[in-house]
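A.B. asks: Okay, here's the prediction I keep looking at, along with the sequence it came from:
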Amino acid sequence: MPIDISTPKDLRIRRKSIGYCAICAVSMVTDPAVFRLATAENVEAHLSQLQPGTWQALQFERVLWTPGFAVARTIVVGVERFLTDIGKSLGNHWYMAPLDLLDQLIVAQQMTLKARLWTHQELVARLRNHANEEADRFAKGVF
């Protein structure tokens with residue numbers, strides 16, 4: 001099921017300044033089991049960066065946020081290595097595997113690193129909460 005990545009501009013700016021980085025699984029609309037795994041700090045521009053490589057329409061299948069680029073990249077490299085070892089690689093970072101397997105591999109890598117992951121909806125709620133707390137502190141005169 002495709003994921004809606006729409007985020008208000010103020011939250012995108014906040015997300016970027018804090019340093020969150022996404023793990024993205026982008027698939028072709030016609031075949032969600034064929035996906036490309038990548039990291040992206042600017043997830044809104046990610047589809048347009050990938051689109052010139054294929055004529056088929058692309059969509060986000062998974063978007064998970066990490067505390068930073070290093071964590072996201074380590075998870076992606078570990079998952080890619082496993083998928084390549086079991087023969088699921090199609091080349092150029094494209095893979096053909098069930099998305100349930102992808103979820104399990106990401107969780108395994110996350111547990112190895114003892115890192116936090118957030119879904120897109122959880123991150124938006126987290127950023128909104130931070131913004132509201134900051135506004136409350138500002139209203140109280142605490143900077």
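C.D. replies: Done, it's in. Numbering: from 1, shown residues only.

A.B. asks: Pull the number of nearby residues for the closest residue to residue 126 other than its chain neighbours.
C.D. replies: Among residues not flanking residue 126 along the chain, residue 118 sits closest, at 6.4 Å (C-beta to C-beta, 6 or more residues apart in numbering). (C-beta placed from N, C-alpha, C; glycine too.) When neighbours are counted by other C-beta atoms under 10 Å, residue 118 registers 18.

A.B. asks: first vs last residue of stretch 104-124, how far apart are they?
C.D. replies: 23 Å (C-alpha to C-alpha, to the nearest Å).

A.B. asks: could you give me the average pLDDT of stretch 56-71?
C.D. replies: Average pLDDT, stretch 56-71: 88.

A.B. asks: quick one: it to chain centroid distance?
C.D. replies: In terms of C-alpha atoms, centre = their mean, to the nearest Å, the centre of stretch 56-71 is found 2 Å from the chain centre.

A.B. asks: now swap in stretch 125-142 and tell me
C.D. replies: 25 Å.

A.B. asks: What residues sit buried inside it?
C.D. replies: For stretch 125-142, the neighbour count (16 or more other C-beta atoms under 10 Å) marks 126, 127 as buried.

A.B. asks: Restrict that stretch to CA atoms and write it as PDB.
C.D. replies: The C-alpha trace of stretch 125-142 is given here as PDB (Å, rounded to 0.1, in the frame of the first residue of the first chain):
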ATOM      1  CA  ALA A 125       3.300  13.600  15.200                       C
ATOM      2  CA  ARG A 126       6.700  13.800  17.000                       C
ATOM      3  CA  LEU A 127       7.600  17.000  15.100                       C
ATOM      4  CA  ARG A 128       4.200  18.600  15.800                       C
ATOM      5  CA  ASN A 129       4.700  17.800  19.500                       C
ATOM      6  CA  HIS A 130       8.100  19.400  19.500                       C
ATOM      7  CA  ALA A 131       6.700  22.500  17.800                       C
ATOM      8  CA  ASN A 132       3.900  22.700  20.300                       C
ATOM      9  CA  GLU A 133       6.200  22.400  23.200                       C
ATOM     10  CA  GLU A 134       8.500  25.100  21.800                       C
ATOM     11  CA  ALA A 135       5.500  27.400  21.200                       C
ATOM     12  CA  ASP A 136       4.400  26.800  24.800                       C
ATOM     13  CA  ARG A 137       7.900  27.600  26.200                       C
ATOM     14  CA  PHE A 138       7.900  30.800  24.000                       C
ATOM     15  CA  ALA A 139       4.500  31.800  25.300                       C
ATOM     16  CA  LYS A 140       5.800  31.400  28.900                       C
ATOM     17  CA  GLY A 141       8.800  33.500  28.100                       C
ATOM     18  CA  VAL A 142      11.300  30.700  28.400                       C
END
